[in-house]
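Visitor: I'll drop the sequence and a predicted model, then ask my questions.
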Amino acid sequence: MSNKEKVVIEVREDGPLVVKNVPRLEMPDGAEGPLRPVMALCRCGASSRKPFCDGSHLKIGFSGKSDDLTENNRIFSYDGEEISIYYSRLLCSHSGKCSARLNSVFDPSSKPWIIPDKGSVEDIKEVVAACPSGALRFSQPGESGNATHIEGNDCVIKIEKNGPYHVSNINIKDARWANGASRRKYVLCRCGKSAIKPFCDGAHYDEKWSDEEPATK
């Protein structure tokens, strides 16, 4: 068994994310986080020692259950002459990287909010690669299916300030995947408010969650 295969995330029922053998943990300020063979990461939003669990999920009665993924579990397609873009609202973590990098194509204030022909193919590919949740994919004429185009093979968990865990190339056990979700690039809820736990659905953004304040039941 390779070292990569030993790296795994296990979701404890109504409890933390247990991470085993992760080689890299990046804190919200970009610094390297402390590493142990087994770490319990908070996903209820209430720990006083974030990102690590301190048992607060028991005190606040945290529930790790998710809503039914059937509703809104669809992929939207936006077709251009040279490239088509696919978007999953359910998977979107509201990181804003797409509009910040290429507002001519990704403009939330417009309808439709994605217009592929307003940007170059290479620029669109870069934006899709930068999307942390895998909510964006693309395909070009003659291709079957669509791709997230994740860059690199590093196993890493990056923690977004006031946001979720960005996970790359790490297996998560017994996850319930949304339609079109990437197994190589995804985001996990850290605030405890997501409707699709353990994955992030952008609830931290909608409710202005701060990782400096403890959550309440």
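Guide: Sure, I can see it. Residues are numbered from 1 along each chain as shown.

Visitor: could you check how far the most centrally placed residue in the chain is from residue 82?
Guide: Closest to where the C-alpha atoms of the chain average out (CA atoms, centre = their mean) is residue 187, at 1.8 Å. Applying CB to CB, to the nearest Å, the value for residue 187 to residue 82 is 29 Å. Placement of C-beta: from N, CA and C, glycine included.

Visitor: just residue 190 next, same as before
Guide: In terms of CB to CB, residue 190 sits 37 Å off from residue 82.

Visitor: looking at the two, which has the bigger crowd around it?
Guide: Taking neighbours as other CB atoms under 10 Å, residue 190 and residue 82 compare with residue 190 leading, 27 against 12.

Visitor: give the contact list for that one.
Guide: 41-43, 45, 50-51, 159-160, 163-165, 200, 204, 211 (CB atoms under 8 Å, 6 or more residues apart in numbering).

Visitor: turn the residues you listed into JSON lines, including neighbour count and distance to residue 14.
Guide: Below are the contacts of residue 190 laid out as JSON lines (neighbours: other CB atoms under 10 Å; distance: CB to CB, whole Å):
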{"residue": "41", "neighbour count": "22", "distance to residue 14": "15"}
{"residue": "42", "neighbour count": "27", "distance to residue 14": "13"}
{"residue": "43", "neighbour count": "29", "distance to residue 14": "10"}
{"residue": "45", "neighbour count": "25", "distance to residue 14": "13"}
{"residue": "50", "neighbour count": "19", "distance to residue 14": "18"}
{"residue": "51", "neighbour count": "22", "distance to residue 14": "18"}
{"residue": "159", "neighbour count": "20", "distance to residue 14": "22"}
{"residue": "160", "neighbour count": "18", "distance to residue 14": "23"}
{"residue": "163", "neighbour count": "23", "distance to residue 14": "22"}
{"residue": "164", "neighbour count": "30", "distance to residue 14": "18"}
{"residue": "165", "neighbour count": "27", "distance to residue 14": "18"}
{"residue": "200", "neighbour count": "30", "distance to residue 14": "18"}
{"residue": "204", "neighbour count": "24", "distance to residue 14": "19"}
{"residue": "211", "neighbour count": "20", "distance to residue 14": "20"}
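
Visitor: which helix is the longest one in this structure?
Guide: For the chain, the helix with the greatest residue count under DSSP state H is helix 121-130.

Visitor: export that helix as CSV, just CAs?
Guide: Extracted C-alpha coordinates of helix 121-130, given in CSV (Å, rounded to 0.1, in the frame of the first residue of the first chain):
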residue,chain,number,x,y,z
VAL,A,121,-10.2,28.9,-23.6
GLU,A,122,-6.9,29.0,-21.6
ASP,A,123,-8.3,31.6,-19.1
ILE,A,124,-11.4,29.6,-18.6
LYS,A,125,-9.3,26.4,-18.0
GLU,A,126,-7.3,28.3,-15.4
VAL,A,127,-10.4,29.4,-13.6
VAL,A,128,-11.8,25.9,-13.5
ALA,A,129,-8.5,24.6,-12.1
ALA,A,130,-8.7,27.3,-9.4
